[in-house]
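Colleague: my questions are about this predicted structure, shown below with the sequence.
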Protein chains: 2
Amino acid sequence: MSTSIAVDAMGGDHAPAAVVRGAALAAADPSLRVILVGDENRIKEELRQIQRPPQMEIVSAPEVIDMHEAPAAAVRRKRNCSMAVAAGLVRDGRAQAFVSAGNSGACMACAVFYLGLLPGVDRPAIAAVLPTRSGPCTMLDSGAVVDCSPEMLLQFAIMGKAYASAMLGRPNPRVGILSIGEEDTKGNGLTKAAAALLRSSPSINFCGNIEGTALYQGEADVVVCDGFVGNVFLKASEGIGEMLVWFLRESMRRSIFTRLGALLLRPVWRSLKRFTDYAEYGGAPLLGVRGVCVIAHGRSNARAIANAIRAAGAAAASHVVDGIRVGLEESGLVNNCRAKAI
Amino acid sequence: MSTSIAVDAMGGDHAPAAVVRGAALAAADPSLRVILVGDENRIKEELRQIQRPPQMEIVSAPEVIDMHEAPAAAVRRKRNCSMAVAAGLVRDGRAQAFVSAGNSGACMACAVFYLGLLPGVDRPAIAAVLPTRSGPCTMLDSGAVVDCSPEMLLQFAIMGKAYASAMLGRPNPRVGILSIGEEDTKGNGLTKAAAALLRSSPSINFCGNIEGTALYQGEADVVVCDGFVGNVFLKASEGIGEMLVWFLRESMRRSIFTRLGALLLRPVWRSLKRFTDYAEYGGAPLLGVRGVCVIAHGRSNARAIANAIRAAGAAAASHVVDGIRVGLEESGLVNNCRAKAI
């Protein structure tokens, strides 16, 4: 049986062209069925420009949320925007996942509004999969919730554990807290309180505080933090990475010898690009909602969109959401919520 | 007239050998007078092993603060530790600056305890000087104060401005807030409140929110943040930098061609090392105290110590502390404090 993925055709800097092309690439896989959601005429026009486009369903959605609109207000106002209609297809069981490269705040709001949160989850989290010396590390939250409570960090830990188990082949992942020193005394109020919670949670294989240097050495499989800190971490990594590449490129122009050296190292540059790019190209899953939602980078090209669709298909096929649901139940967080509600 | 620098000979992973050797390197500059503080016998023994050691004063300090001791308690208990005696020399006017590669929390506590805070400063900040595409950027706080108020971020802005003006040749530095989006609506409670304060401060050339990517592109001369976020930023940068170097090194072993390429690029690797290392090798100035204090990295070798001593000498000679004092007075922060005290 094939997995249906609803794709927001109007989201992203290069939409709809890049999205439609990316969807066509992903639809070459017979196990995936892609539903393009957006302006029907523009989608058909893009499809006409592709040689031998695969069969794809189109669902019309007349409105679009702009990259600069305030997310919550836009989602309330534009019930027929492409993102909302795509999320609705998942809610109604017509798709198993949805993907958008549009306004990421609005995408999150759509997921929460149309799919709802899993029992035991206060706020959803965006997971980022980072390359390390010993395989991928899942960091969450990477930008959804800027001010978090210690309890939310525990929820993120359970969500990240389920994701790493189902998607990255880590049966009992080591979970750490992103902090500024290995010792328990290091950190801020939030990380210290969260460390106490994670340590006393029997289902979490807690490995303590993790610094950025240790993260990239591969000392944890899952790292939790508030969304402000996680996003600062990502942008610091991206920023210094871009600067180093710029510096190398400039310096290599220096002489005929360095130019020749750079030429001989072409296979190394290619593998470096693969090593550092795969996170961005897979999109970032939004965890904690009742369905699979993958947020692709606004700058996504067709290849990035195709990879995000494949990642969404894999998450649906490996029942990540059920894994998270079970994890939350086993940790007693769902009962806590019920108790609170009563 | 020469500038006297008190150096904690017992601080750091390779003390006293690396510190004494570094001090000897720095003392070759006739404008610097180095005072080595610590175990007299061990210092003399190290000096004997250096060929033609320059004349250096030794001040005895029998106690040492260990890297793993709780800073505040250790400073209260060990009044005769090398760090405290070095700070005391600055307080008594016998030295114009002090340098330590020891326990950085204890070093900060010594500076606050023996030198005191400048009027208008609630907490001191550690400044990190980062390389960017268009020159150095001063980021503070990089690890001294993990939970900050918006007012502290304004104080950091004034301190950073004075430092960048005096030390980095930026007469009217652009000051930004480290955040997770350029727009005013992005950020957490702290950054939004701090942005309002910085925007309404006439002495600050405020350039808004700065993301990590923009920081490394050189879009600000000074960036303020709380010490937790700043330290996460530093360690993320360090971590991914180390990982990329590791990846390149491994990949270059792949074939005879890539080995040759790596060999031809030797001048590029050397300049990359210089470009990325200079921040660490200069040590990090602690700003907001009534004197010059430079915190060197615990792993410092002799060259790093020598550079930290030179940086301390330059900060003393360019009257950074007076610049900060004037900046705080001109911004009305000193009067605010007085008003609060009354």
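Modeller: That came through, no problem.
Colleague: do stretch A:167-185 and chain B meet?
Modeller: Yes - Stretch A:167-185 lies within reach of chain B by Cβ under 8 Å from any Cβ of the partner chain, at A:Leu178, A:Ser179, A:Ile180, A:Glu183, A:Thr185. Placement of C-beta: from N, CA and C, glycine included.
Colleague: how many other residues sit next to the closest residue to the last one other than its chain neighbours?
Modeller: Okay, so that is A:Thr185. Nearest residue to A:Thr185 in three dimensions, chain neighbours excluded: B:Ala70, at 7.3 Å (Cβ to Cβ, 6 or more residues apart in numbering or on different chains). Using other Cβ atoms under 10 Å in any protein chain shown, the number of residues around B:Ala70 comes to 15.
Colleague: what's stretch A:112-125 in contact with?
Modeller: Contact with stretch A:112-125 is made by A:75, A:84, A:87-88, A:90-91, A:108, A:111, A:140-142, A:144-145, A:148-149, A:151-152, A:155-156, A:159-160, A:227, A:286-291, A:293, A:321, A:324-325, A:328-329, A:331, A:333-334, A:336-338, as judged by Cβ atoms under 8 Å, 6 or more residues apart in numbering or on different chains.
Colleague: using PDB, list the CA coordinates for that stretch.
Modeller: Extracted in PDB, the C-alpha atoms of stretch A:112-125 (Å, rounded to 0.1, in the frame of the first residue of the first chain):
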ATOM      1  CA  VAL A 112      -1.600  22.300  15.900                       C
ATOM      2  CA  PHE A 113      -4.900  23.700  14.800                       C
ATOM      3  CA  TYR A 114      -5.900  21.000  12.300                       C
ATOM      4  CA  LEU A 115      -4.200  17.900  13.800                       C
ATOM      5  CA  GLY A 116      -4.100  18.800  17.500                       C
ATOM      6  CA  LEU A 117      -1.500  17.900  20.100                       C
ATOM      7  CA  LEU A 118      -0.800  14.400  21.400                       C
ATOM      8  CA  PRO A 119      -2.000  13.800  25.000                       C
ATOM      9  CA  GLY A 120       0.700  14.800  27.400                       C
ATOM     10  CA  VAL A 121       2.300  17.500  25.100                       C
ATOM     11  CA  ASP A 122       2.100  21.100  26.000                       C
ATOM     12  CA  ARG A 123       3.800  22.500  22.800                       C
ATOM     13  CA  PRO A 124       5.200  20.800  19.700                       C
ATOM     14  CA  ALA A 125       8.900  20.900  18.800                       C
END
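Colleague: for it, could you pull out the residues that count as buried?
Modeller: A:Val112, A:Phe113, A:Tyr114, A:Leu115, A:Leu117, A:Leu118, A:Gly120, A:Val121, A:Arg123, A:Pro124, A:Ala125 (16 or more other Cβ atoms under 10 Å in any protein chain shown).
Colleague: what of stretch A:177-189?
Modeller: A:Ile177, A:Leu178, A:Ser179, A:Ile180, A:Lys186, A:Gly187, A:Asn188.
Colleague: mean confidence (pLDDT) on whichever strand or helix holds A:Gly230, please.
Modeller: Per DSSP states H and E, A:Gly230 falls inside helix A:227-252. Taken as a whole, helix A:227-252 has an average pLDDT of 92.
Colleague: next SSE after it?
Modeller: helix A:256-264.
Colleague: give the rounded mean pLDDT of that following helix.
Modeller: 91.
Colleague: quick one: contacts of it?
Modeller: With Cβ under 8 Å, 6+ apart, helix A:256-264 has contacts from A:251-253, A:269, B:257-258, B:260-265, B:267-268.
Colleague: would TSV of the residues you listed with neighbour count and distance to A:Ala9 be doable?
Modeller: Output for these, formatted as TSV (neighbours: other Cβ atoms under 10 Å in any protein chain shown; distance: Cβ to Cβ, whole Å):
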residue	neighbour count	distance to A:Ala9
A:Ser251	19	42
A:Met252	20	40
A:Arg253	10	41
A:Trp269	16	33
B:Phe257	15	44
B:Thr258	19	42
B:Leu260	15	48
B:Gly261	21	43
B:Ala262	20	45
B:Leu263	13	50
B:Leu264	21	47
B:Leu265	25	44
B:Pro267	15	49
B:Val268	22	44
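Colleague: dump the residues you listed into CSV; add distance to A:Val223 as well.
Modeller: Converted to CSV, the contacts of helix A:256-264 look like this (distance: Cβ to Cβ, whole Å):
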residue, distance to A:Val223
A:Ser251, 33
A:Met252, 34
A:Arg253, 38
A:Trp269, 28
B:Phe257, 37
B:Thr258, 32
B:Leu260, 39
B:Gly261, 35
B:Ala262, 32
B:Leu263, 37
B:Leu264, 38
B:Leu265, 33
B:Pro267, 37
B:Val268, 33
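Colleague: what's the closest of those to A:Ala17?
Modeller: Checking the contacts of helix A:256-264 against A:Ala17 with Cβ to Cβ, the nearest one is A:Trp269 at 27.7 Å.
Colleague: pretty sure that closest one is in a helix, no?
Modeller: Yes - the assignment for A:Trp269 by DSSP: H, G, I helix; E, B strand; the rest coil puts it in a helix.
Colleague: if we ignore the residues flanking it in sequence, what's nearest it?
Modeller: Counting by Cβ to Cβ, 6+ apart, the residue nearest A:Trp269 is A:Ala262, at 8.0 Å.
Colleague: end-to-end on stretch A:182-200?
Modeller: Taking Cα to Cα, to the nearest Å as the measure, stretch A:182-200 stretches 18 Å from start to finish.
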